[in-house]
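Engineer: here is my input; please provide its structure:
(chains A, B and C)
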Amino acid sequence: MLVKRKTAFFSRFYLFEIILGLWITIRKFFSRKVTIQYPEQRRRYSERFRGQHYIKATNGVENCTACMLCPTVCPSECIHIEAGERPDKEKYPVKFEIDILRCCFCGMCEEACPKDAIKLSTIYEMSSARRPVYDKAFLLEQRGNK
Amino acid sequence: MNISPGFFYVFAGTSILFSLLVILNRSAIASAFSLLVVFFSFAGIYALLDAHLVAALQVLIYAGAILVLFIFVIMLLNVEQASFDYKRGRILTGVFAAFGAFGMVFLLGRVFRSGSAPLQPGPFSPENIQAAGGNTRVLSELLFSEYVLPFELTSVLLLAAIIGSVVLAKRGVIEKKSKEAK
Amino acid sequence: MSVEWVAVLAKTGFVITMLLSVAPVMNWVERRGAGFIQIRRGPNRVGPFGLLQTVADAVKFLFKEDRVPAHVSPFYYFIAPIVVLVPACMTFAVIPFAGPITIAGQVIPMQAADLNVGFLYIFAIASLGVYGLIMGGWASNNSFSILGSMRSSSQMISYEISLALSVVGLVMIHSTVELGQMVKLQSEALLSFGPIVIPRWGIFVQPIGFLVFLTAVFAETNRLPFDLPEGEPEIVGYHVEYGAMKFATFMMAEYMNMAVASGLAVTLFFGGYQLLPGMGTVLGALHLQGSTQDWIRVLFEIISFTVKIAFFMWFFVWVRWTLPRFRYDQLMDLGWRVMFPLSLANICVTAALVYKGWV
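Structural biologist: A predicted model of the protein is given here:
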């Protein structure tokens, strides 16, 4: 649609405005650049950033007692635990798997966990060529910057 | 000053070949593109004759402007089909075409037969033009002194043609508007 | 072989090499420039400063699948990019890149072809670039690309008129169309305030003509703010059906046209190959004689010509990332209602001044 705008006589010549615009762009040309050179430089994320999961361990033994609170609270149902019993009658997860493709990183599992076992790290590079389902061994290794 | 005859035959051959393509092509736009090549080889011949200005103007005006307008018209009208049927024999047309072709050949024969006498070069030989400051200068001086009247008349004629075509194209619109005004 | 033939071959080779290398270099300048103006860094990974990025791109274009859509008319589809590229290569021939030099008693003008018709040749050949667009759009056999080619060709024809008329003033002042002659005439002083001498450059004697010329050149080379023919991501242009190297050829032609336009602007309005301020002093201070002096002068002239052209090439990029695109009706308005009358008025005023003998 054609909109008739009333502009001042002088600025209708545009030439002056164009020179002004050129001045602005050339100033930006020499100004500091905002790009972060990614693989070398990284943006610092907050400690509370919710990235990849990990399972906390004490003295080499995972904190998890397979209480099933996290799979219960998980809205996208991506946590799968199979419980077992150790010789000292303590419950532990035989299998602890997270289907990371389904995860929505809401952090509810972390909040629900009574043992402080499942946590979200600050790792955000999770892309992979296959469909990743994180198993217990993998989750125990991850720590992020914690 | 050496008119390379080889180049002349190349350009002449190209122009004849593509002139034939202009009339023989089925698709109108392909004929237009062939016409472009014809203009170009004409320009080449002019350039060989040291008439650089005419060559440049040939390309600038004919190839660069007029033919583009042709193509515009072809595209806008979408003339893809031939406007009349070739297959249906039209005897009268055929007879006229045969007469025309015969007349043409006769005329050409007469011209070439009587043209055996060597041509007299006019006052504007390449050397003279070079001495007078190049053919751009010579041509423009002639155009604006000796031939200024025909030159201006031609431009008036073109202007009249432009105005005429605008009037023809806008006639319906103007009448409609005047009716609305009433 | 005589000196003349060697010189012709050398000059042609030089011009063609420069033109062919313009496209990759300008591509890099454009992308880095875009990045810097947008406070980014632009491509900087491949090679030093990302210089090899264009090489990588060229390799990619070459090895891409050369897909030909089934509905195109093959012959015209194939020659359209060539038809765009060839005039772009041809036009630089008459632009002088240095002053004439005397070798073995023969004066060799430093331009590939010293034609009597001068820049008329450039306009004539450049006007043929339109056919590539028309052919490309028409051969693609696609309504959108035909519309695109109509749009772009009407744009180019409209601005060609202003482009040609904007230079007429200069022709009247210098009373020649030969570019070498024009550059020579521009070396005289127009005004001088003590040590500061303002030369008779086209921009000082024809400021309005220069403005019209610059605008028209932007439209002719399809650069922003008049890049309606291309507008790759947003408007469907004449080359939607083109891919791989054929598309790259269109792009290359655009950069070559930019080089020619810059060369023409420099030659007509900025004193051509004349030395930049300061270079003349350096040349005098070197105290050379004979042919060495001549060769060094030619070298200096080539350098200053290149610097001037480089500025204009950068100006194209600079404007591209400053101004938004025009709407089509605004474009035609500007072309016919502003630039065309302005150039005519410029011609009339210049004619009056020349008649009075003031210019």
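
Engineer: so the residue in the stretch 201-350 of chain C positioned nearest to chain A, which state does it fall into?
Structural biologist: Proximity to chain A, evaluated over the stretch 201-350 of chain C using Cβ to the nearest Cβ, is greatest for C:Thr322 at 4.5 Å. For glycine as for every other residue, the C-beta is placed from the backbone atoms N, C-alpha and C. Here C:Thr322 takes the coil state, with states given by DSSP: H, G, I helix; E, B strand; the rest coil.

Engineer: by mean pLDDT, point me to the weakest helix or strand of chain B.
Structural biologist: When the helices and strands of chain B are scored by mean pLDDT, DSSP states H and E, helix B:126-131 comes last with a mean of 74.

Engineer: measure the residue nearest the centre of chain A to A:Thr122 for me?
Structural biologist: By Cα atoms, centre = their mean, chain A has its centre lying nearest to A:Gly51, at 3.6 Å. The gap separating A:Gly51 from A:Thr122 is 5 Å, by Cβ to Cβ, to the nearest Å.

Engineer: for chain B, which helix is longest?
Structural biologist: Taking DSSP state H as the criterion, chain B has its longest helix at helix B:148-181.

Engineer: spell out which residues of chain C are next to chain B.
Structural biologist: Proximity of chain C to chain B (Cβ under 8 Å from any Cβ of the partner chain) is limited to residues C:76, C:115-118, C:120-121, C:123-125, C:127-128, C:130-131, C:134-135, C:138, C:146, C:150, C:153-154, C:157, C:160, C:176-178.

Engineer: burial of the residue of the stretch 201-350 of chain C closest to chain A, as a residue count?
Structural biologist: C:Thr322 has 20 neighbouring residues, counting by other Cβ atoms under 10 Å in any protein chain shown.

Engineer: give the contact list for it.
Structural biologist: Listed by Cβ atoms under 8 Å, 6 or more residues apart in numbering or on different chains, the contact partners of C:Thr322 are A:Ile18, A:Gly21, A:Leu22, A:Ile24, A:Thr25, C:Ile37.

Engineer: now the buried members of those.
Structural biologist: Neighbour-count burial (16 or more other Cβ atoms under 10 Å in any protein chain shown) applied to those gives A:Gly21, A:Leu22, A:Thr25, C:Ile37.

Engineer: let me know the closest of those residues to C:Phe210.
Structural biologist: C:Phe210 lies nearest to A:Leu22 out of those, by Cβ to Cβ, at 15.8 Å.

Engineer: dump the residue contacts of the residue in chain B that chain C sits nearest to.
Structural biologist: As assessed by Cβ to the nearest Cβ, chain C sits closest to B:Gly64 within chain B, at 2.9 Å. With contacts defined as Cβ under 8 Å, 6+ apart, B:Gly64 is in contact with C:Phe123, C:Ala124, C:Ser127, C:Leu128, C:Val130, C:Glu160.

Engineer: can you give me the strands for chain C?
Structural biologist: Taking DSSP state E as the test, the strands found in chain C are C:98-103, C:106-110, C:189-193, C:196-199.

Engineer: got it, and chain A?
Structural biologist: Along chain A, counting by DSSP E, strands occupy A:53-55, A:57-58, A:61-62, A:79-85, A:91-99, A:118-120, A:133-134.

Engineer: got the contact list for the second one?
Structural biologist: Contacts of strand A:57-58 with the rest of the structure, by Cβ under 8 Å, 6+ apart, involve A:Asn63, A:Leu140.

Engineer: mind listing what that strand pairs with, with the direction of each?
Structural biologist: With DSSP bridges as the test, strand A:57-58 is paired with strand A:61-62 (antiparallel).

Engineer: circling back to that earlier point, what comes up buried for the least confident helix or strand of chain B?
Structural biologist: Those would be B:Ile129, for helix B:126-131 by 16+ other Cβ under 10 Å.

Engineer: could you measure from the residue nearest the centre of chain B over to B:Phe70?
Structural biologist: Chain B has B:Tyr62 as the residue nearest its centroid, 6.9 Å off, counting by Cα atoms, centre = their mean. Distance of B:Tyr62 to B:Phe70, computed by Cβ to Cβ: 10 Å.

Engineer: try C:Lys246
Structural biologist: 26 Å.

Engineer: for the closest residue to C:Arg40 other than its chain neighbours, give me its contacts.
Structural biologist: Counting by Cβ to Cβ, 6 or more residues apart in numbering or on different chains, C:Arg40 lies nearest to A:Thr35, which is 5.1 Å off, once chain neighbours are set aside. Contacts for A:Thr35 (Cβ under 8 Å, 6+ apart) come out as C:Gly35, C:Ile39, C:Arg40, C:Arg41.

Engineer: just to revisit the earlier point, of the contacts of B:Gly64 - the most surrounded one?
Structural biologist: Greatest neighbour count in the contacts of B:Gly64, by other Cβ under 10 Å, goes to C:Val130: 28 neighbours.

Engineer: for the most centrally placed residue in chain C, give its distance to A:Phe49.
Structural biologist: Closest residue to the average C-alpha location of chain C: C:Ala261 at 1.8 Å, with Cα atoms, centre = their mean. Distance from C:Ala261 to A:Phe49, counting by Cβ to Cβ: 52 Å.

Engineer: then C:Ala70?
Structural biologist: From C:Ala70 to A:Phe49 the distance is 51 Å (Cβ to Cβ).

Engineer: more neighbours: the two, which one.
Structural biologist: Shown here are C:Ala70 and A:Phe49; by other Cβ under 10 Å, A:Phe49 has more neighbours (16 against 6).

Engineer: follow-up on the earlier one: name the nearest residue to the residue nearest to the centre of chain C, ignoring sequence neighbours.
Structural biologist: Using Cβ to Cβ, 6+ apart and skipping the chain neighbours, the partner closest in space to C:Ala261 is C:Val217 (4.4 Å).

Engineer: okay, now the one you found: neighbour count?
Structural biologist: 25.

Engineer: you'd agree it is up against C:Ala259?
Structural biologist: No. Applying Cβ atoms under 8 Å, one finds C:Val217 not in contact with C:Ala259, separated by 11.6 Å.

Engineer: what parts of chain A come near chain C?
Structural biologist: Proximity of chain A to chain C, by Cβ under 8 Å from any Cβ, involves residues A:2, A:15, A:18, A:21-22, A:24-26, A:28-35, A:37.

Engineer: between C:Lys246 and B:Phe70, which is the more surrounded one?
Structural biologist: Under the criterion of other Cβ under 10 Å, the comparison of C:Lys246 against B:Phe70 puts C:Lys246 first, with 21 against 15.

Engineer: list the contacts of that one.
Structural biologist: When contacts are counted by Cβ under 8 Å, 6+ apart, C:Lys246 is found next to C:Asp66, C:Phe78, C:Pro81.

Engineer: now it: how far from C:Asp66?
Structural biologist: Look at C:Lys246 and C:Asp66: by Cβ to Cβ, they are 7 Å apart.

Engineer: ramachandran angles for whichever residue of chain C sits closest to chain B?
Structural biologist: Here chain C gets closest to chain B at one residue, C:Ser127, 2.9 Å apart by Cβ to the nearest Cβ. Main-chain torsions, C:Ser127, degrees, to the nearest 10: phi -70, psi -10.

Engineer: grab the nearest non-local neighbour of it.
Structural biologist: Leaving aside its sequence neighbours, C:Ser127 sits nearest to B:Gly64 (Cβ to Cβ, 6+ apart; 2.9 Å).

Engineer: now do C:Leu323
Structural biologist: Spatial nearest neighbour of C:Leu323, chain neighbours left out: C:Pro225 (4.1 Å); criterion: Cβ to Cβ, 6+ apart.

Engineer: thought the one you found was touching C:Phe218?
Structural biologist: Yes. Applying Cβ under 8 Å as the test, C:Pro225 and C:Phe218 come out as touching, 7.0 Å apart.

Engineer: and those two? Which one has more around it.
Structural biologist: Legend: neighbour count by other Cβ under 10 Å for C:Pro225 and C:Phe218, higher for C:Phe218 (22 against 19).

Engineer: what sits against the more buried one?
Structural biologist: For C:Phe218, the contact set (Cβ under 8 Å, 6+ apart) comprises C:Leu224, C:Pro225, C:Phe226, C:Phe316, C:Val319.
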